[in-house]
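1. Fold the stuff below for me.
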Amino acid sequence: MNKDEVVVSLFAGAGGFSSGFSQAGLKPLFGAEINADACQTYQENVGSPCHQLDLSTVDPSHIEMLTGGKRPFVVIGGPPCQGFSTAGPRNFADPRNLLIFNYLNIVERLSPRWFIFENVEGLLTSGGGRDLARLVREFVDMGYSVRLQKVNLAAYGVPQTRKRVLIIGNRLGIDFQFPEELYSFDSGKAKKASGKPLAPSLAEAVAGLGPAASDKDALVPYASSEPVNAFDARMRAGNRVEVVTHHVRVEAAERMQVELLKPGQTMKDLPPELWHESYRRRANRRVSDGTPTEKRGGAPSGIKRLHGNLQSLTITGAAAREFIHPTEHRPLTIRECARIQTFPDKYRWVGNNASVIQQIGNAVPPLAAERLAKHLRDIDGSFGADTRPAGAMSAKLLGFVLTEALGMSPALKSTEALLAEMHQGGFVF
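-> Residues are numbered from 1 along each chain as shown. Got it, this is the predicted structure:
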């Protein structure tokens, strides 16, 4: 890299992706985000401007103008993914899905040396695999050599099993690999024993926080004057006030059910007479109303108690009401969710509690982003990319990993066939 090159963060959210890049010495020149609370949170913490923009309508030339005419080193971003998400109905006509392809127009206009595209695993089978194949092919058509991989971010040290699709590409024809996985993981639902040490557990992630307060505006001091483990030390770093916000206990509406739940159990493990009404409606709907399988969304689970000695399940915008603390009869606090997402305690959040937990759940964990940033910087430097001319090698799909499981669903096989044809047939542009 040279000093004139920049990082641009699209669909920047609260700045998780950008914070990780900043920690690696690659602070974005600016972020672009439509949500006002998230944009302000970004500015408060990343330390570079966040432009509140609708990236579905903005002209790519406007983004180019914001760079001052500099060609970016990398464009990073994860377009809104709810339309593809397996947590909700799969709506292929959802206009939010079109943002994924609008991302292409901006990348083409800015012509960065690298890009990183992040999304949910539901993208792998959207449109029978055609959406993903089209996306990859258009990146290649623009001159990028790309790799695609489903990654569980726990393997990079995040204390939750969080599966995401990453597409990384460069204009230099560099054949590269994804960062080496450093950890094994086990959340009770997703697991991988790779012979490497386990990623930090949920208990390790929240250790050092004091008892959750009852007052919503409370500033909660740490449980001890010194960090209790390496993860706690990382989270405390830079927090000079030595207290945390958003560490407030909320009593669960289903107190009796919560007290009966053991780690790893969900609402379905309780007697049906103790199911709450919204769960009962969802559970019954799945077998009684004829809703097509692909539109039912994820299996209803309602509240679930997590294992303290394992990694957390994926933190979402619902985590602070559905995820029950391993040993206390309450949901996780917003601060605990932020730690599991690897946001440091000094992070200042803008918005009400509903807005803050949504910002946290939507974010790329900064720790994973930092790992990606360092890897990209090292690859780029090792190839002398400051002087190597663009297009030095033909652009192509370098490879892909859709799953590590032995079996594959028919939908995923369809995606695999489309990508394999592109990869094996060359499709060199």
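2. for this structure, longest helix please?
-> When the chain is parsed with DSSP state H, its longest helix is helix 366-382.
3. Using PDB, list the CA coordinates for that one.
-> The C-alpha trace of helix 366-382 is given here as PDB (Å, rounded to 0.1, in the frame of the first residue of the first chain):
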ATOM      1  CA  PRO A 366     -14.400  -6.500  14.700                       C
ATOM      2  CA  LEU A 367     -12.000  -9.300  15.700                       C
ATOM      3  CA  ALA A 368     -12.800 -11.300  12.500                       C
ATOM      4  CA  ALA A 369     -12.600  -8.100  10.400                       C
ATOM      5  CA  GLU A 370      -9.100  -7.400  11.900                       C
ATOM      6  CA  ARG A 371      -8.000 -10.900  10.900                       C
ATOM      7  CA  LEU A 372      -9.200 -10.400   7.400                       C
ATOM      8  CA  ALA A 373      -7.600  -7.000   7.100                       C
ATOM      9  CA  LYS A 374      -4.100  -8.200   8.300                       C
ATOM     10  CA  HIS A 375      -4.300 -11.100   5.900                       C
ATOM     11  CA  LEU A 376      -5.200  -8.900   2.900                       C
ATOM     12  CA  ARG A 377      -2.400  -6.400   3.800                       C
ATOM     13  CA  ASP A 378       0.100  -9.200   4.000                       C
ATOM     14  CA  ILE A 379      -0.900 -10.800   0.700                       C
ATOM     15  CA  ASP A 380      -0.900  -7.500  -1.100                       C
ATOM     16  CA  GLY A 381       2.500  -6.600   0.300                       C
ATOM     17  CA  SER A 382       4.100 -10.000  -0.500                       C
END
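4. Go through the helix or strand immediately after that helix in the chain and flag the buried ones.
-> Using DSSP states H and E, the helix or strand that follows helix 366-382 in sequence is strand 397-401. Buried residues in strand 397-401, counted by 16 or more other C-beta atoms under 10 Å: 397-398, 400. Quick note: C-beta positions are derived from backbone N, CA and C, even for glycine.
5. What average pLDDT does strand 397-401 get?
-> Across strand 397-401, pLDDT averages out at 96.
6. about what we covered before: output the buried residues of strand 397-401 as TSV; include the columns distance to Pro80.
-> Shown next, in TSV, are those (distance: C-beta to C-beta, whole Å):
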residue	distance to Pro80
Leu397	25
Leu398	27
Phe400	23
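7. mind listing the helices in the stretch 251-400 of the chain by residue range?
-> Counting by DSSP state H, counting those that start in this stretch, one finds helices in the stretch 251-400 of the chain at the ranges 255-260, 277-288, 319-322, 334-340, 353-362, 366-382.
8. Any idea which of these has the lowest pLDDT on average?
-> Among the helices of the stretch 251-400 of the chain, helix 277-288 carries the lowest mean pLDDT (a mean of 64).
9. buried set for the helix or strand hosting Leu412?
-> For Leu412, the host element (DSSP H and E) is helix 410-424. Neighbour-count burial for helix 410-424 flags 412, 414-416, 418-419, 422-423 (criterion: 16+ other C-beta under 10 Å).
10. how far does the longest helix of the chain sit from the chain's center?
-> In this view, helix 366-382 has its centroid 16 Å away from the chain centroid, taken as C-alpha atoms, centre = their mean, to the nearest Å.
11. Stretch 207-218 now?
-> 26 Å.
12. Export the buried residues of helix 410-424 as CSV, with columns for pLDDT and distance to Leu148.
-> Shown next, in CSV, are the buried residues of helix 410-424 (pLDDT from 0 to 100; distance: C-beta to C-beta, whole Å):
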residue, pLDDT, distance to Leu148
Leu412, 94, 13
Ser414, 94, 15
Thr415, 94, 10
Glu416, 94, 11
Leu418, 94, 12
Leu419, 95, 7
Met422, 90, 10
His423, 87, 10
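13. What ranges does the stretch 51-200 of the chain have for its strands?
-> Ranges of strands within the stretch 51-200 of the chain are 74-77, 114-120, 145-152, 163-170, 185-186, 191-192, based on DSSP state E, counting those that start in this stretch.
14. what's next to the second one, contact-wise?
-> Residues outside strand 114-120 that contact it (C-beta atoms under 8 Å, 6 or more residues apart in numbering): 17, 73-79, 81, 84-86, 100, 103, 107, 135, 139, 144, 163-171, 364, 372, 376, 380.
15. Check the model's average confidence along it for me.
-> 95.
16. Against Val206, how distant is Leu66?
-> 38 Å (C-beta to C-beta, to the nearest Å).
17. Those two: which is more packed in?
-> Between Leu66 and Val206, Val206 has the larger neighbour count (other C-beta atoms under 10 Å), namely 25 against 18.
18. so what are the domain limits for this protein?
-> By the assignment in automatic domain parsing, the chain contains the domains 7-185+365-424, 202-362.
19. circling back to that earlier point, can you tell me which helices and strands the longest helix of the chain packs against?
-> helix 16-23, strand 114-120, strand 163-170 (3 or more C-beta pairs under 8 Å, 6 or more residues apart in numbering; DSSP states H and E).
20. redo that, cut-off 6 Å
-> helix 16-23 (3 or more C-beta pairs under 6 Å, 6 or more residues apart in numbering; DSSP states H and E).
21. for the record, mean pLDDT for the helix it packs on?
-> Average pLDDT, helix 16-23: 98.
22. Same check on stretch 227-245?
-> 97.
23. could you measure the nearest residue to Trp275 once chain neighbours are set aside against Gly188, distance?
-> Spatial nearest neighbour of Trp275, excluding adjacent residues (C-beta to C-beta, 6 or more residues apart in numbering): Met267 at 5.8 Å. Distance of Met267 to Gly188, computed by C-beta to C-beta: 16 Å.
24. next one: Phe101
-> 36 Å.
25. same question, Met65
-> 49 Å.
26. rewinding a little: okay, Phe101 and Gly188: which has more neighbours?
-> Neighbour tally, Phe101 and Gly188, criterion other C-beta under 10 Å: the higher count belongs to Gly188, 17 against 14.
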